[in-house]
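>>> coordinates only, no sequence provided:
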């Protein structure tokens with residue numbers, strides 16, 4: 001068991017929430033498209049999944065990630 005008191009963040013940031021939301025939407029669209037055998041939409045949702053990853057990275061670099069300059073820390 002660790003006795004470290006520093007919270008690593010666990011992704012509670014606008015960058016993480018935005019990226020995960022975009023990726024969940026992409027996964028949902030891809031799943032439904034796969035069920036209805038719409039191959040082009042499956043690939044489009046895979047592209048949207050990558051877009052979500054890039055958006056999260058860009059927002060984190062812009063200061064909206066855990067410990068970023070534009071994020072206010074909240075007490076638990």
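Here it is on my side, so go on. Not measured: the values here are computed from a predicted model.

>>> any regions of the protein where pLDDT drops low?
Across the chain, the ranges flagged by pLDDT under 70 are 1-10, 74-76.

>>> quick one, helices of it?
14-35, 39-59 (DSSP state H).

>>> out of those, which is closest to residue 66?
Residue 66 lies closest to helix 14-35 among the helices of the chain, at 7.2 Å (C-beta to C-beta). C-beta coordinates here come from the backbone N, C-alpha and C atoms, glycine included.

>>> residues in contact with that closest one?
Identification of contacts with helix 14-35 by C-beta atoms under 8 Å, 6 or more residues apart in numbering yields 11, 39, 41-42, 44-46, 48-49, 51-53, 55-57, 59-60, 62, 64-66, 68, 71.

>>> restricted to buried residues, select these in PyMOL.
Applied in PyMOL, the following selects the buried portion of these according to 16 or more other C-beta atoms under 10 Å:
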select buried, resi 42+45+48+49+52+55+56+59+60+64+65+66+68+71
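
>>> could you report the neighbour count for residue 43?
Other residues near residue 43 come to 12 when the count uses other C-beta atoms under 10 Å.

>>> ok, it to residue 15 distance?
26 Å (C-beta to C-beta, to the nearest Å).
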